[in-house]
Each structure stands twice: as C-alpha cells, then as structure tokens.
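**Student:** Return a 3D structure for these sequence lines:
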Amino acid sequence: MHELWLQLYSYWCGIWRYRWYGVLMAWVVVIVGWTYVIQMPDRYESSARVYVDTDSLLRPLLKGLAIQPNVDQRLRIMTQTLLSRPNLGKVLRQTDMDLSVTTPEQEIKLLNQLEKNIHIKGARRDNLYTIAYENTDPQLAQRVVQAILNIFVESTMGASRKDSNTAQQFIGQQIKEYEKLLRTAEQRLMDFKREHVGMMPNEKGDYYQRLQTAVENLRTARTELNMAIGRRDVLKRQLRGEEPVFGFGTGGTGTSSKDSSPAGMRIQSLQAELDEVLLKYTDKHPKVSAIKETIAMLQKREEQQFSLPQKQQGEGEEANEAGEYAVGGNFYYQQMQISLAEAEANIASQEAEVSALEKDVERLHELVDTIPKVEAELAQLNRDYGVYKSNYQQLLTRLESAKMGERVEESPDNVKFKIVEPPIQPLLPSGPDRPLLLTLVLVVAGGAGGALAFFLSQLRPVFYTRRDLEEATGLPVLGPVSMILSGRILWKHRLNLAFLLTFLGLLIAGYGLLVSNYLFGIKMFDTIKHSLF
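**Tutor:** Next comes the predicted model:
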C-alpha cells in the first residue's frame, strides 16, 4: 500500500511540474468546446396528446347483427405503421418541406430525419397517444405534429372504411357466383323431376318404404276382401234357408229362426267385429264394452219379437198367425237380399282395390333397380341445392351485417378522437441541453490538461523520491539533502501559484456564468448581440 502511495505521489509531482501546459490545454479545449455549444442552434419541440375512445354504446346493442372490427388492434397497427414512407411523404407535402428537395437523395435524407425526430408514444390500456417532433423552426415543428395527427385520425377511419368496402365487394362477388350455382341447381332439379315423373319419392318415404307400405296395404286389402266374401257367403246360406212362405204354414219350414232374422244377422256381424277387436284390445276396452252392450240389447229385442207369435199360436189362432208370419218372412227376405247386394258391391270394390295394389306392388318390383338410382340422384341434387341455398342465404346475411357495420363505423359514436393537448408553437427551446454539454466540455478539458501534463512528465522523467533513484541507479542512497529556498524564490513560487489559481478561477467563473445564463434564461448573449449590432 505504501508503494502505491509513493507511485501516485510521483505521478502527481510530474503533473504538477507541467501544470501550466495542462492549464493551457484545458483553456484551449474549453474555449473551443464552449464556443461550439453556444453556437449550436436551438431546437423546439411541439407535441400533441390524443385520446381514442373505442368504448361505443352501439357495440353491445348490435352484437350479432353487425360486423364489428377490432378497433384496438387496428389502432396498434396504425401507430406502428404511422411513420411509414408513404405517410412521411404526406407530411412533407402538407408542411411544404418538399419544396426544398431537388434530388431523390435529399428526399431520402429528409425522410430519415423526419423518422428520427418524430416520436410516438402510446399507452395501450388507456388509448392515450403522444406525438412529438423537434426542429430548429418552431412553426415547422407545430405543422409537422398537426400533419401527423391528421394522418393518424384519417388513416384509422379510412382503413376501417376500406376494409369494410373490400369485404362487401368480396361478399358481393360470392353472392353472384352462388346465385348462378343456385339457379343451375334449380334447373337441374326441375329437369330431373320432369324426366322421372312417377318415380319420385313422396312424403311416404323412399322406394323401400313405399314398397313395404304397398305390400302391407295389399295384405290388408286381401284380408278385408276375404272378410267381405265370408259375410256374403253367410248371407247366401241364410237366404237358402229363408224362402218366402204363402198361406198357412206350420212350425217346420215356415218358421224363421233367430239366426235368419235381421237382428240375428246384426248380432253375427257384431260378434265377428267383436272377435277382431279382441285381437287388438282387452275386455275392459271401451269399444269392446260398447259392442257387448249392443249385442245384449239386440238379443233382448230378438227374444221379445219371437215371444209374440209363439203366444198367439198357443191360443188357437193358427191361420192368422201363419199369414202374418209369411208376410214378415217376406220382409226379412227382402232385407237379406238388400244386404247381399251391398255385400256383392263391397266385394267388387275390394277386388278393384286389391287389383290396383297388386299392380302397384308389381310396378315397384319391376323398378327395383331404377327407382333407388333415381332417388340417389335426386338426393344428390337436393343436397347440392340445399348447400348452395344455405351458403347463399348466409352470404346475404353477412352482406347485410357488413353494410350495417359500415354504417356503424361511419357513425360518430363508433370511435371518438379527443385532442387532449393540441400542437402549439413552442416559445422556449427544448434543446440542446447546454448546461449538460458545458459541464461535459469542462470535464473533458480538465481531463485533456491532466493527460497532457502526465504525458510530458513521462516523456521527461525526473526523480521525486529516494526509491526512484535507487531503482534507476541500483546504488544505495544514504539520504536526501533538502534545498533551502531564498525569499525571492519563495515569492516567485507564490506568484506562480496565484496566477495558476487565477486561471483556474476564471475557468470556473466562466462555467458558472454560462450555466446560469441557460438555467435561468438570462439570455446574456442575445443582449450582447443587440448591444453590439
């Protein structure tokens, strides 16, 4: 540690030996540097703050009805591309800066300066943007900021309208194309149906469902035909045992049985119907109960009708009873003939229906290979038509949404630009920071003077300590001999120190005066210029 102090002491002594060279160097650097700083042109900064309000009341109301672009994302993109070459070219033209440009190289240089000196800062959360520009001309600085602000607002709104128009044009072209496809599909479907009349699937289903339904209908019709034939045969058998009798009859062939009476026939018909119903329902079903009650009522009425002739025959009026019975038998016979005719007509109708159903089934069996192909082609045509129609309807809906979105964007309530601080012409310069530059010049001057003195001391070294002498000669040193200075020499040393302190004091005083001039706005140099010129 002691050796380090000795080394530092040697360096200090060497610098002190050439102190006047260092002071002169410092003065030269200070004069040159301060002169340059003083002559630097003033720079004026103009700025503007704009707030973009993207919280529109129309958005929640029109959600799902209109296309709503992402305004926040668009703002971020616009701020990033605001200093593009086309926009900077607009700034040059709007501020008349292009009038001084004569060559493409000058224009490129001017654009680079603009891009370097224009600063845009934005808070994404608050949508608050600051635009600043610095120039030696305060009016030009204001005009540039105003031009950038106008381009920012116009670009944001114009890009929105441009995107909306582009989307509408694209959707319109797609609508025209799908309209052509839809018309072509409609024509193909119409021609196909016209060419395959009678083979189209109906609301009853496809070919196999229609075939199954036709077979079931044929089976049902045949069953009903067999039932009708059975009822007709019953009527025929009853007619064969119910011949009309005239004159006096006996209780043999002239007596009508209960089964051959109209009531008996009705009872038999209801019994057959009851058997069919019981195949489908239980004994407690209302329809079964109603049929049973009707049968019981008819049986009771039939017993009452046959009780009167038997009573009259027991009293001995055989002749009158036989004549009345013959007339009654004739009436019953006529009724049975009518029922038989109705049964024959019903059978003919059932046979015609069975014949028609057999033809349908036979035709469907013949078209077993043709109809499925027709149905498959029809399904494909319907599917294509449905897809085209669905896309066409969706495009129409989206086009209307795009138009509504464009109207929303054109609304003044969609995006609001609020100028918080408009650009103004600055009165005081914003730069350069002369106090800082003056301080840097002073520090550099002191360093330059010290470096020069140190360099000279190393260039012409001397011995300042006994240790240096021992290391240089390699001989032991007994001790130093002090120099006795006379009064005149001491006076010269003191005078030399006074001059040195004076020069350093003047340097510090000049620094303080210059810094105070710029810190407190004294404008000393302007006053000197006005007084001299």
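
**Student:** For the longest helix seen in the chain, name the packing helices and strands.
**Tutor:** The helix of greatest length in the chain, counted in residues with DSSP state H as the criterion, is given as helix 138-195. In this structure, helix 138-195 makes packing contacts with strand 44-53, helix 71-80, helix 85-94, strand 118-123, strand 128-135, helix 370-410, strand 416-421, judged by 3 or more CB pairs under 8 Å, 6 or more residues apart in numbering; DSSP states H and E. All C-beta atoms are positioned from the backbone trio N, CA, C, and that covers glycine.

**Student:** following that helix, which helix or strand shows up next?
**Tutor:** Toward the C-terminal end, the helix or strand that comes next after helix 138-195 (DSSP states H and E) is helix 207-240.

**Student:** Check which helices and strands that following helix sits against.
**Tutor:** Counting contacts by 3+ CB pairs under 8 Å, 6+ apart, helix 207-240 packs against helix 262-280, helix 318-366, helix 370-410.

**Student:** Which among those helices is found nearest to Glu105?
**Tutor:** Across the helices and strands packed on helix 207-240, the minimum distance to Glu105, taken as CB to CB, is reached by helix 370-410, at 41.2 Å.

**Student:** Any idea how far the closest one is from the middle of the chain?
**Tutor:** If you compare the mean C-alpha spot of helix 370-410 with that of the full chain, they lie 21 Å apart, counting by CA atoms, centre = their mean, to the nearest Å.

**Student:** avg pLDDT for it?
**Tutor:** Confidence over helix 370-410, taken as the mean pLDDT, stands at 78.

**Student:** just the angle between that helix and helix 138-195, please?
**Tutor:** Relative orientation of helix 370-410 versus helix 138-195 (axes from the mean of the first three to the mean of the last three CA atoms, to 10 degrees): 160 degrees.

**Student:** on that earlier part again, any chance of the helices and strands packed on helix 207-240 in JSON lines, plus mean neighbour count and distance to Pro41?
**Tutor:** JSON lines is the format used below for these (neighbours: other CB atoms under 10 Å; distance: least, CB to CB, whole Å):
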{"stretch": "helix 262-280", "mean neighbour count": "15", "distance to Pro41": "112"}
{"stretch": "helix 318-366", "mean neighbour count": "15", "distance to Pro41": "102"}
{"stretch": "helix 370-410", "mean neighbour count": "16", "distance to Pro41": "45"}
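
**Student:** And the helices and strands packed on helix 138-195: which comes nearest Gln168?
**Tutor:** With CB to CB, the closest approach to Gln168 among those belongs to helix 370-410: 5.0 Å.

**Student:** Against which helices or strands is that closest one packed?
**Tutor:** The contact analysis (3+ CB pairs under 8 Å, 6+ apart) places helix 370-410 against helix 138-195, helix 207-240.

**Student:** Out of those, which gets nearest to Asn112?
**Tutor:** Proximity to Asn112, assessed across the helices and strands packed on helix 370-410 by CB to CB, is greatest for helix 138-195 (14.5 Å).

**Student:** Just the mean pLDDT for that closest one, thanks.
**Tutor:** Mean pLDDT, computed over helix 138-195, is 81.

**Student:** What does the pLDDT read for Ala451?
**Tutor:** The per-residue pLDDT reported for Ala451 equals 92.

**Student:** ok, how many other residues are close to it?
**Tutor:** Residues within reach of Ala451, counting by other CB atoms under 10 Å, total 13.

**Student:** so which strand or helix has it?
**Tutor:** Per DSSP H and E, the secondary structure element for Ala451 is helix 434-459.

**Student:** Reduced to three states, what does Leu99 come out as?
**Tutor:** helix (DSSP: H, G, I helix; E, B strand; the rest coil).

**Student:** What count of nearby residues applies to it?
**Tutor:** Around Leu99 there are 9 other residues, counting by other CB under 10 Å.

**Student:** Also Pro104?
**Tutor:** Pro104 is surrounded by 8 other residues when neighbours are defined as other CB under 10 Å.

**Student:** do you know how far Val234 is from Met227?
**Tutor:** Taking CB to CB, to the nearest Å as the criterion, Val234 is separated from Met227 by 11 Å.

**Student:** what about stretch 402-419, start to end distance?
**Tutor:** Using CA to CA, to the nearest Å, the span of stretch 402-419 from its first residue to its last is 30 Å.

**Student:** same check, this time on stretch 109-129
**Tutor:** Distances were taken as CA to CA; on that basis the terminal residues of stretch 109-129 are 27 Å apart.

**Student:** Counting by contacts, list what the helix holding Ala451 packs against.
**Tutor:** Using 3+ CB pairs under 8 Å, 6+ apart, the elements in contact with helix 434-459 are helix 2-17, helix 19-39, helix 487-519.

**Student:** Highest mean neighbour count out of those helices?
**Tutor:** With neighbours defined by mean count of other CB atoms under 10 Å, none of the helices and strands packed on helix 434-459 is more surrounded on average than helix 19-39, at a mean of 16.

**Student:** So for Arg219, which of the helices and strands packed on helix 138-195 sits nearest?
**Tutor:** Using CB to CB, the nearest of the helices and strands packed on helix 138-195 to Arg219 is helix 370-410, at 21.2 Å.

**Student:** I'd like the helices and strands packed on helix 370-410 as JSON lines, with distance to Ile347 appended.
**Tutor:** Compiled in JSON lines, the helices and strands packed on helix 370-410 are given as follows (distance: least, CB to CB, whole Å):
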{"stretch": "helix 138-195", "distance to Ile347": "39"}
{"stretch": "helix 207-240", "distance to Ile347": "5"}
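
**Student:** re the thing from before, the helices and strands packed on helix 138-195 into a markdown table, with extra columns for distance to Thr184?
**Tutor:** Output for the helices and strands packed on helix 138-195, formatted as a markdown table (distance: least, CB to CB, whole Å):
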| stretch | distance to Thr184 |
| --- | --- |
| strand 44-53 | 48 |
| helix 71-80 | 40 |
| helix 85-94 | 45 |
| strand 118-123 | 53 |
| strand 128-135 | 53 |
| helix 370-410 | 9 |
| strand 416-421 | 48 |
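
**Student:** Minimum distance to Asn112: which of those has it?
**Tutor:** Nearest of the helices and strands packed on helix 138-195 to Asn112, taken as CB to CB: helix 85-94 at 9.2 Å.

**Student:** Just want the angle from that closest one to strand 128-135.
**Tutor:** Here helix 85-94 runs at 60 degrees with respect to strand 128-135, directions being taken by the same axes, to 10 degrees.

**Student:** Show the average pLDDT along helix 85-94.
**Tutor:** Taken as a whole, helix 85-94 has a mean pLDDT of 89.

**Student:** And for stretch 432-447?
**Tutor:** For stretch 432-447, the per-residue pLDDT averages 92.

**Student:** Outline the domain layout of this protein.
**Tutor:** When the chain is parsed with automatic domain parsing, its domains come out as 2-40+432-532, 44-176+398-421, 207-366.

**Student:** For Ser516, which non-adjacent residue is closest in space?
**Tutor:** Distances taken as CB to CB, 6 or more residues apart in numbering place Ile522 nearest to Ser516, at 6.6 Å, with adjacent residues excluded.

**Student:** Could you verify that the one you found is part of a helix?
**Tutor:** No. The assignment for Ile522 (three-state DSSP) gives coil, which keeps it out of a helix.

**Student:** out of everything not next to it in sequence, what's closest to Ile229?
**Tutor:** The spatial neighbour of Ile229 that comes closest, neighbours along the chain excluded (CB to CB, 6+ apart), is Ile347 at 5.9 Å.

**Student:** can you tell me which residues contact that neighbour?
**Tutor:** Ile347 is in contact with Leu225, Ala228, Ile229, Arg232, counting by CB atoms under 8 Å, 6 or more residues apart in numbering.

**Student:** Select from those the one having the most neighbours.
**Tutor:** Across the contacts of Ile347, neighbour numbers were computed from other CB under 10 Å; Ala228 holds the maximum, 20 neighbours.

**Student:** if I pick that one, what's in contact with it?
**Tutor:** For Ala228, the set of contacting residues under the criterion of CB under 8 Å, 6+ apart consists of Ala343, Asn346, Ile347, Gln350.

**Student:** Out of those, flag the one nearest to Met97.
**Tutor:** When those are compared for distance to Met97, the smallest value, 104.4 Å, is given by Gln350; criterion: CB to CB.
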